[in-house]
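K.L.:
A predicted structure for the sequence below; I have some questions about it.
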Amino acid sequence: MSASRETQSIKPRGPIVPCPPYVERLARRTDSEQPSTRPTLATAPRIRYKGLIQGFLDSAERFASREALVVDDKSLSYKELRGRAAAIARTILDRELESFPLAAILASRSVTAYAGVLGILGSGKGYVPLNPKFPVDRTRKMLALSGSRVLVVGREALGQLPGLLPETDRTLTVVLPDLDDAADLCAAFPQHRFVSSKQIAGGAGFAFDIEVDSAAVAYLLFTSGSTGEPKGVPIHHSNVRSYIEYISNRYEVNERDRVSQEFDMTFDLSVHDMFVCWERGACLFSVPEKSVMLPAKFIRDHALTMWFSVPSLVALLSNMRLLQPKCFPSLRFSLFCGEPLTATHAQDWQEAAPNSIVENLYGPTETTIAVSHYRWDPSKSPQECLNGIVPIGWPFAGQQCRVADHERGKVSETGELCLAGSQVTDGYWNNPEKTRCQFVRFPETGGTLWYRTGDLVKRGENGCLYYLGRIDHQVKIRGYRVELQEIEVVLRKTSKAEQVVAVPWPVADGSADGVVAFISGASNLDDLHILNRCREALPDYMVPRRIYRLEEMPLNDNRKVDRKKLVKLLEGA
Amino acid sequence: MTMSETQLVDLVISWVRSNHRPGNSRNGGISADTDLIATGLLDSFGFIDLIVFIEGQSGCKIDLTDVDPSEFCVVKGLCRITLRNQQN
C-alpha cells in the first residue's frame, strides 16, 4: 500500500497533506454543520441501552457455564469472566475521583486485559486500549490525549508504570487486579491513587444495570497521525453495535464456535474478535504472544472454527511451509483485513482450510472495523482480481460508499473512497482541523456525513470495489496504519539532520514489511543512537530498519523530494 | 554439513548480532537461552531470514509444524530443532 501520488516537502508545515480543493469549498459552505470538537452522533436517533457489552451480558445469562475465554492456558466460563468484569466495574465506580466518560486499560493477552475491557464498559465508560509493547512515551501521550482518569493495569504491564506515572499530569486511579500489594507504588507516586487486588471490590451482586447513550464513546483508538501525534478515533456504541449485529448474523456465529483473538487491543480488529464471539456465547482463544507470529499449531491444537488476521500472516506461514493443504480442517470462516490480500494468499489459505469460507474485509478504523466484504470463490475469484489483489467487494447492508473525484468530489469510476452509514463515526477526538478535512457533506447527499478514507479505488460495473492504493503518504505495515510523516517528525528531532524521509521498504504485493530512513545534511549522531531514540518514541513496526545517508536528497521537477528515486536507490542496493 | 549444537548456537548468535532489529543491541548480551522474539531482537520477518540462513548453513529444511513456539523462539531450542531435522 505504498502508492503515493504526491511528493512531500521536508520542512514541517501546516496540514502536511492538504485536503482536496472540494473539501475546503464544502467546509466553508457548511461550516456550521460540521461536527463539533467532541463528536456526537447528530443524525441517528438516540437510545439508552447497555451498548457494546450487551451481547456479552446476554450470553453470560444464557451460557453461564460455557467457556467464554481461554488465555494463558486458563479457561474462564461466562459466569467467571462476568464476575471478574463486575469486580473491576464496581471498583471503578466506587473509586474514581472525578467522573469521566473514558477509562484506559494497559494490558495484553491476559485475564485482566479482557476482564478490564468488560469492566470498563460495565461501569458505563468507553475503553481506551494502551499497549504494553509500545514505548512509554507513546503510551503517555495516548493516555493524556484520552483524558482518562482511571487506568486498569495487567501484570504484564506493571513494568511500564515507573516510566509512565511520574510525568502523567492528572491524578489517576490505577486499578491493579494482578498486584496484591501496591504500597511501593503508593509511596513512589503519591500524586496517584492505587487499588490493589486486595482492595478491589467483590463482583457478586453487581447487576450491570448502568445504561449508556447510543452516541457515547464505546472505545477510543489511536492511529498514526501525520503531525507526529497519535490521532484519536472515537467509536460510538451505535457504530459498533451496528457492526457486531451485522457480522454475527452474516457468519451465523453460535455458542459452539471457537474464535481466534490474534490482534493487539490497540488494533480495532480486536473488537471484532471479542465482541462478535461473546455476542453469541462462543469461546475466545487468545493467541499467546509467541504464537502470534506463526499460529498454525495454535489453530490446530484448539480446533478453531473462526480465524481473523492480517493477510501478511499468510505470507509468513507460507514462507515457513506451515500452510499445507487441509492443515486447518476445523475452520469454517477465515477473515482477512487490514492490508491488501493477494489472490495467491487467498488461494493458499483456501487450500489449507478447505472447509472454510474465505473473505476479504475492508474498512478504516473510522468506519468501525470493516465496511465491505468480498467472498473468495476459487472457481471465479482469480479472474476477478485486479493486479493480483483480491477486490474489497461490496459495502455491508446499511453502509454507503461513494467513489469521489479528487478535484471536485463528484462521483467517478476511479477516485477516493468515501463512506457513510451507521458504522461511520463523526470526527476525531479533540481534533477539529483534521475532522473538517476528513469528514465532509456532499451537497447532493443532503445531511449525510461522509468519511474520506484516503484510499484510491475503482468501482466495477457490478459495483464491486477494487483497492488501488493511497492518495497520501499513509502506508500499511503488517496491517498497522502508518503516517510516514509521524516517523519523519521523530527522525528529524532525533537526527537533527536537515532533511529526513521515511520510505516503506521492502514492499511486496502492495504491502510493506517495514520502513527505512534517508537523511541528509549535518547530523553527527550515529545511526544506532538515532534508531535507539526512534525506538523510545515509536512502536516497533514504525522504527526504521536502516538509515541511508545521502549528501543531498534527489528532487523532482517541483523541487520536492523525489520518493520514486529513493525507491530506485533501494531497488539497486 | 554436520554441526555440533555449540557450533550452531555460535553461528546463530553471530547472525543475530549482525541482523537484529535496529536499536535493540542488548549490549551484545545474546546467549543460547535468549528468546529472540520476546526480547524484540527479531521480528517475524527477521525470524524467517534467520531460518533461511540456518537452512543454508545446515543443508536441511527446518520443520516447525508440530513445534511449540516457546521452543523455536529460543536460540538453543531452534538449534536443537535444526539438528533433529538434520538427523531425520
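P.N.:
In hand now; what should we look at? Numbering: from 1, shown residues only, chains lettered A, B, ... in the order given.
K.L.:
Low-confidence regions, the stretch 1-150 of chain A specifically.
P.N.:
Across the stretch 1-150 of chain A, the stretches falling below the confidence threshold (pLDDT under 70) are A:1-18, A:27-44.
K.L.:
If you could redo that for chain A, that was the one I meant.
P.N.:
Regions of chain A meeting the criterion pLDDT under 70 cover residues A:1-18, A:27-44, A:509-510, A:557-560.
K.L.:
Output the worst-scoring helix or strand of chain B on mean pLDDT as CSV - backbone C-alpha positions only.
P.N.:
Scoring the helices and strands of chain B by mean pLDDT, DSSP states H and E places helix B:44-58 at the bottom, with a mean of 88. Coordinates of each C-alpha in helix B:44-58 appear next as CSV, following Å, rounded to 0.1, in the frame of the first residue of the first chain:
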residue,chain,number,x,y,z
SER,B,44,8.7,-12.1,12.3
PHE,B,45,10.4,-11.2,9.1
GLY,B,46,13.8,-11.3,10.7
PHE,B,47,13.0,-14.7,12.1
ILE,B,48,12.3,-16.0,8.7
ASP,B,49,15.5,-14.6,7.4
LEU,B,50,17.3,-16.4,10.2
ILE,B,51,15.5,-19.7,9.3
VAL,B,52,16.7,-19.3,5.7
PHE,B,53,20.2,-18.6,6.9
ILE,B,54,20.2,-21.7,9.2
GLU,B,55,18.8,-23.9,6.4
GLY,B,56,21.5,-22.6,4.1
GLN,B,57,24.2,-23.4,6.6
SER,B,58,22.9,-26.8,7.8
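K.L.:
helices or strands up against that helix?
P.N.:
Helix B:44-58 sits against helix A:312-319, helix B:5-19, helix B:75-87, with contacts defined as 3 or more CB pairs under 8 Å, 6 or more residues apart in numbering or on different chains; DSSP states H and E. C-betas here are computed from N, CA, C, even on glycine.
K.L.:
How many neighbouring residues does A:Ile547 have?
P.N.:
Using other CB atoms under 10 Å in any protein chain shown as the criterion, A:Ile547 is surrounded by 21 other residues.
K.L.:
just A:Pro325 next, same as before
P.N.:
A:Pro325 has 11 neighbouring residues, counting by other CB under 10 Å.
K.L.:
and it, helix, strand or coil?
P.N.:
Judged by DSSP: H, G, I helix; E, B strand; the rest coil, the three-state class of A:Pro325 is coil.
K.L.:
Show the contacting residues for it.
P.N.:
Shown here is A:Pro325, whose contacts under the criterion CB atoms under 8 Å, 6 or more residues apart in numbering or on different chains are A:Glu351, A:Ala352, A:Pro354.
K.L.:
And for A:Glu98?
P.N.:
Under the criterion of CB under 8 Å, 6+ apart, the contact list for A:Glu98 reads A:Arg149.
K.L.:
Now it: which helix or strand?
P.N.:
Of the helices and strands defined by DSSP states H and E, none includes A:Glu98.
K.L.:
Then A:Val271?
P.N.:
For A:Val271, the enclosing helix or strand under DSSP H and E is helix A:269-279.
K.L.:
mind listing the helices in the stretch 1-150 of chain A by residue range?
P.N.:
In the stretch 1-150 of chain A, helices defined by DSSP state H, counting those that start in this stretch lie at A:21-29, A:54-62, A:78-95, A:111-122, A:136-146, listed in chain order.
K.L.:
How about the stretch 351-500 of chain A?
P.N.:
Counting by DSSP H, counting those that start in this stretch, the stretch 351-500 of chain A forms helices over residues A:381-384, A:432-438, A:484-495, given from the N-terminal end onward.
K.L.:
what about the shortest one, distance to the chain center?
P.N.:
Looking back up the chat, that one is helix A:381-384. Offset of helix A:381-384 from its chain centre (CA atoms, centre = their mean, to the nearest Å): 29 Å.
K.L.:
Can you list the helices and strands that it packs against?
P.N.:
If contacts are counted by 3+ CB pairs under 8 Å, 6+ apart, helix A:381-384 sits against helix A:343-352.
K.L.:
Residue numbers of chain B in contact with chain A?
P.N.:
For chain B, the residues found near chain A under the criterion CB under 8 Å from any CB of the partner chain are B:21-25, B:37-38, B:40, B:43-45, B:47-48, B:51, B:61, B:63-70, B:73.
K.L.:
rerun that using 7 Å as the cut-off
P.N.:
Proximity of chain B to chain A is confined to B:22-24, B:37, B:40, B:43-45, B:47-48, B:51, B:64-66, B:69-70, B:73 under the rule CB under 7 Å from any CB of the partner chain.
K.L.:
so how far is the helix holding A:Val271 from its chain's centroid?
P.N.:
13 Å.
K.L.:
Would you mind giving the orientation angle of it with respect to helix A:78-95?
P.N.:
120 degrees (axes from the mean of the first three to the mean of the last three CA atoms, to 10 degrees).
K.L.:
what angle separates helix A:269-279 from helix A:111-122?
P.N.:
Inter-element angle recorded for helix A:269-279 and helix A:111-122: 80 degrees (by the same axes, to 10 degrees).
K.L.:
got a list of contacts for helix A:269-279?
P.N.:
Contacts made with helix A:269-279 from outside it, assessed by CB atoms under 7 Å, 6 or more residues apart in numbering or on different chains, are listed as A:52, A:55-56, A:59, A:68, A:114, A:117, A:219, A:240, A:244, A:247-248, A:253, A:259-261, A:263-264, A:284, A:308, A:337-338, A:369.
K.L.:
Keep only those that also lie close to chain B.
P.N.:
With CB under 7 Å from any CB as the criterion, the contacts of helix A:269-279 include none near chain B.
K.L.:
Buried only: go through these for me.
P.N.:
In terms of neighbour count (16 or more other CB atoms under 10 Å in any protein chain shown), the buried residues within the contacts of helix A:269-279 are A:52, A:55-56, A:59, A:68, A:114, A:117, A:219, A:240, A:244, A:247-248, A:253, A:259-261, A:263-264, A:284, A:308, A:337-338, A:369.
K.L.:
on that earlier part again, now the buried members of the contacts of A:Pro325.
P.N.:
When burial is judged by neighbour count using 16+ other CB under 10 Å, the buried members of those are A:Ala352.
K.L.:
Name the member of the contacts of A:Pro325 with the shortest distance to A:Glu96.
P.N.:
Nearest to A:Glu96 out of these is A:Ala352 (CB to CB; 47.6 Å).
K.L.:
ok, A:Leu294 - contacts?
P.N.:
Neighbour list for A:Leu294: A:Leu316, A:Leu317, A:Met320, A:Leu322, B:Leu64, B:Pro69 [criterion: CB under 7 Å, 6+ apart].
K.L.:
about what we covered before: looking at the contacts of A:Pro325, which one is closest to A:Gly159?
P.N.:
Ranked by distance to A:Gly159 (CB to CB), the contacts of A:Pro325 are led by A:Ala352 at 37.5 Å.
K.L.:
what residue ranges in chain B score low on pLDDT?
P.N.:
The model of chain B has pLDDT under 70 over residues B:1-2, B:22-28.
K.L.:
Select from the contacts of helix A:269-279 every entry located in strands.
P.N.:
Under the assignment DSSP state E, these contribute A:Ala68, A:Tyr219, A:Val259, A:Ser260, A:Gln261, A:Leu284, A:Phe308 to strands.
K.L.:
Tell me the one among those residues nearest to A:Leu484.
P.N.:
Nearest to A:Leu484 among the ones in strands among the contacts of helix A:269-279, counting by CB to CB, is A:Tyr219 at 26.0 Å.
K.L.:
picking that back up, want to throw the helices of the stretch 1-150 of chain A into TSV with distance to A:Thr435?
P.N.:
Shown next, in TSV, are those (distance: least, CB to CB, whole Å):
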stretch	distance to A:Thr435
helix A:21-29	10
helix A:54-62	28
helix A:78-95	29
helix A:111-122	25
helix A:136-146	14
